[in-house]
Structures are given as C-alpha cells and as structure tokens.
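A.B. asks: Got a predicted structure plus its sequence, pasted below:
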Amino acid sequence: MRRLFQRTAKPVAQPPGTVEFTGPQRVESVRVQVIDFNQHGITEVDVADIAECSGYRESPTVTWINVIGLHDTGLIRDLGARFGVHSLALEDIVSIHQRPKFEDFDDNLFLVGRMLRLEGTAKDVVSEQLSLVVGHGYVISFQERPGDVFDPVRERLRRGRGRIRTRGADYLAYCLLDTLIDHYLLVTEAFGEAVEDLEVRLLDAQSDDPLATIHHLKRELIDLRRTAWPLRDVVTGLLRSESTLIDNDTVPFLRDASDHISHVGEAIEMFREMLNSLQDLSMANASNRLNDVMKVLTIFASIFVPLTFVAGIYGMNFENMPELGWRWSYPFFWGVIVVAASGMLVYFRRKRWL
C-alpha cells in the first residue's frame, strides 16, 4: 500500500540549495536525450558528455533536453551550471517528493509536477516526479525513470505537425504540460470507471468486502487530489507571470490547459462525494443485512418462547399434576405445540415478517 506521507532520506538543517538525491535509484546510469529543431528540420541525439549540451543554450533553434534518472547529482549540477539553473531549483529536482509548484527566476522558469500514466491491463497508476526548466530557446526536463507520456509530442516534432516546430520553447513547454494534464484526465476516467463498477456491485449486493475497496479508492483519490490541485497553481503562475520567456501567443493555450486541470479537480471532488455516498450505502446495506438476520432470529425465538413455557410447566417434578395421569396428555401436549407454532408462523407471514 502506497504511503500518503512519504519519508525523505534528506538530512534536516541542510543549507538551502543543497543538491542531494532523496529517492530510490530508478536507472543504472543517467541518460540524456536531446531533440533540437526548427521549422526546417529536427535532430535527435543521445549525449554521452554533458559538455556537448552547452552549445544548445545559444543556438537559434529550439532544444529539448530530457534527463532520465536523478541519482547522478554531479551531472545535474553540471547541467544546471551550464544553463544557469538556480541552486534551489536543482535542489527541488533531486528531491522527488516535491509538491507541484512554479518558480519564476531571472533567466528561466522552473516547474515541478507529478507525471501519471496507466500501465498494464489492470490500469495501474505509475507516478513519478517531473521537473521542467524553460529558458530562451530550450526546455530541460528531468524524470525518474525511462518511459513517459510525451511520445505524442515527439511524434509531432518528427512529422512537423501543427505549429510546434514553428514556435518557441514556451510553446514546447506548454505541449509537455498539456500532455501531462491529458493523462491526468485519463487517470481520472479510469478512477471514475472503478467507482461506477463499485456502485453497481453495491447495488447488486455482489461485493464481499466493499469497505476495503472503498477505503483503497479513497486513498488513491487523496493521492490524486494532492497531485492535481497544486498543478492548477502551476498553470495559474504561468498565466500570471510577466516573464519575457512566455510569448503572448502562448497564453490562450495555457488558458486551455487551465480549463483541463480545473476539469480534473471538479471530477476529483465529484468522485470524493460519490465515494462518501457509497461508503454510507455500504454501511446501510450491512445494517440491513444485520437487521434481516436479527429479524429471523427474533421470529424463531418468538415461536419457541411459548413452546418452552409449556414444556417447562410439564417438566416440573410435582406429584399432584392431574394432566400427567391422563391417558391422552402426551398427544394433547404435542397438539398444543404444533397448533401454537403453526398459528404464529401463519400470523408472521400475514404480517409479511417472513
């Protein structure tokens, strides 16, 4: 079970800007991918030496540098120094339990968020931290492990589809952020399907342990809410930023991304209310089942109370009981028992208690 509050391995009272990796190592060695493009063409390379990236900072083209793996703090510090990334931003990049946020530095913009994607037939949600540094003509992304949600963006770059190859680094950053939010919508839709399936199971009384499933979904919802809601502040920060790195033509697209993340937030709140209602319904169903059991037990107890009373009277050891000497006392006793039990069963059925 995933913890709601993650432990951090980072020592306390460290100086601000200390670049120290705090998470598990996801890859054996850090990989640096570079996509350099303009409206005329595109170049894709894997960089073996981080010094090769220095020329891209002043290049007239737009460059996307994707760093896979965060455990090599020396490489990340070197890359940050070459592109003027603030030390506080570098600290947040390698601290993998950061809250999504946006920072506007002098030379670049810094964004942190969670990248969510569905894997496997069971639609398991894989979550990892994603950091973006946006500067003049470049975007640097940092992710924990291989595999991401940005293949559609890469395909658009390769094919030159849309306006992505004719715009600047700010539009590329928007495309990455928009793709990130789109996968939030996919995760939210999968979550909605799980909630609806649970609702059907509860209404059909087919769930053996609905409370355990509801509790699991509520934990997942808390994690999704903690990831998605701060991302609204990230998009809002981009919209309100007066940085020259964001072109005015990109602002309408950022507003569209803001609408999408607001839709995610509204869906989360709706599912939260639905889960609370399903929990109440589950408790009501359990209470109704208990009431049905208690009703049956009460009916049987009510039937046997008079029978036990009659049997108790004639089970006493008094010598002067005239009925005991009667020849037909035993058959008469059983007749009283059968008539009393049958009469009570007929009465309960007419009352629709059975």
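C.D. replies: In hand now; what should we look at? Numbers count the residues shown, from 1 in each chain.
A.B. asks: Now for the nearest residue to residue 154 once chain neighbours are set aside, how many residues are close by?
C.D. replies: In space, residue 154 comes closest to residue 35 once its chain neighbours are excluded; the distance is 7.0 Å by CB to CB, 6 or more residues apart in numbering. To be clear about C-beta, it is placed using only N, CA and C from the backbone, and glycine gets the same treatment. Other residues within reach of residue 35 by the criterion other CB atoms under 10 Å amount to 20.
A.B. asks: Would you mind measuring the gap between the ends of stretch 164-173?
C.D. replies: The first residue of stretch 164-173 is 10 Å away from its last residue (CA to CA, to the nearest Å).
A.B. asks: quick one: average confidence on that stretch?
C.D. replies: Averaged over stretch 164-173, pLDDT sits at 93.
A.B. asks: Run through who's touching that stretch.
C.D. replies: Applying CB atoms under 8 Å, 6 or more residues apart in numbering, the external contacts of stretch 164-173 come out as 37-39, 42, 62-64, 109, 111, 132, 134-139, 153, 156-157, 163, 175, 245-247, 249-250, 253.
A.B. asks: can you do 7 Å?
C.D. replies: Contacts of stretch 164-173 with the rest of the structure, by CB atoms under 7 Å, 6 or more residues apart in numbering, involve 37-39, 62, 64, 132, 134-135, 137-139, 156-157, 175, 245-247, 250.
A.B. asks: Narrow those residues to those in helices?
C.D. replies: Among the contacts of stretch 164-173, the members found in helices (DSSP state H) are 156-157, 175.
A.B. asks: Please produce a markdown table containing the residues you listed, extended by neighbour count and distance to residue 73.
C.D. replies: Output for the ones in helices among the contacts of stretch 164-173, formatted as a markdown table (neighbours: other CB atoms under 10 Å; distance: CB to CB, whole Å):
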| residue | neighbour count | distance to residue 73 |
| --- | --- | --- |
| 156 | 16 | 33 |
| 157 | 21 | 29 |
| 175 | 23 | 28 |
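A.B. asks: Just give me the closest of those to residue 84.
C.D. replies: Nearest to residue 84 among those is residue 175, at 23.0 Å by CB to CB.
A.B. asks: That closest one contacts residue 154, doesn't it?
C.D. replies: No: shown here, residue 175 and residue 154 do not form a contact pair, counting by CB atoms under 7 Å, at 10.2 Å.
A.B. asks: ok, back up a step: name the helices or strands packed onto the helix or strand containing the residue nearest to residue 154?
C.D. replies: Taking DSSP states H and E as the criterion, residue 35 maps to strand 31-38. In terms of contacts (3 or more CB pairs under 7 Å, 6 or more residues apart in numbering; DSSP states H and E), strand 31-38 is packed against strand 41-47, strand 62-68.
A.B. asks: now the first one against strand 62-68, angle please.
C.D. replies: Per axes from the mean of the first three to the mean of the last three CA atoms, to 10 degrees, the angle that strand 41-47 makes with strand 62-68 is 30 degrees.
A.B. asks: Can you name every helix or strand that strand 41-47 contacts?
C.D. replies: Judged by 3+ CB pairs under 7 Å, 6+ apart, the packing partners of strand 41-47 are strand 31-38.
A.B. asks: Direction included, what does the strand it packs on pair up with?
C.D. replies: Each strand paired with strand 31-38, and its direction, by DSSP bridges: strand 41-47 (antiparallel), strand 62-68 (antiparallel).
A.B. asks: At which residues are the strands of the stretch 201-350 of the chain located?
C.D. replies: With DSSP state E, counting those that start in this stretch applied, the stretch 201-350 of the chain shows no strands anywhere along its length.
A.B. asks: so where do the helices sit in it?
C.D. replies: Using DSSP state H, counting those that start in this stretch, the helices found in the stretch 201-350 of the chain span residues 210-240, 251-313, 329-350.
A.B. asks: would you turn the ones you listed into a markdown table with mean neighbour count?
C.D. replies: Supplementary listing: these in a markdown table, determined by neighbours: other CB atoms under 10 Å:
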| stretch | mean neighbour count |
| --- | --- |
| helix 210-240 | 18 |
| helix 251-313 | 14 |
| helix 329-350 | 12 |
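A.B. asks: residue ranges of the strands in the stretch 51-200 of the chain, please?
C.D. replies: Read by DSSP E, counting those that start in this stretch, the stretch 51-200 of the chain holds these strands, from start to end of the chain: 62-68, 101-104, 109-119, 124-135, 138-143.
A.B. asks: related to what we said a few turns ago, hmm, residue 44 and the residue nearest to residue 154 touching each other?
C.D. replies: Yes: the pair formed by residue 35 and residue 44 meets the contact definition of CB under 7 Å, at 5.2 Å.
A.B. asks: any low-confidence regions in the stretch 51-200 of the chain?
C.D. replies: Residues of the stretch 51-200 of the chain meeting the criterion pLDDT under 70: 122.
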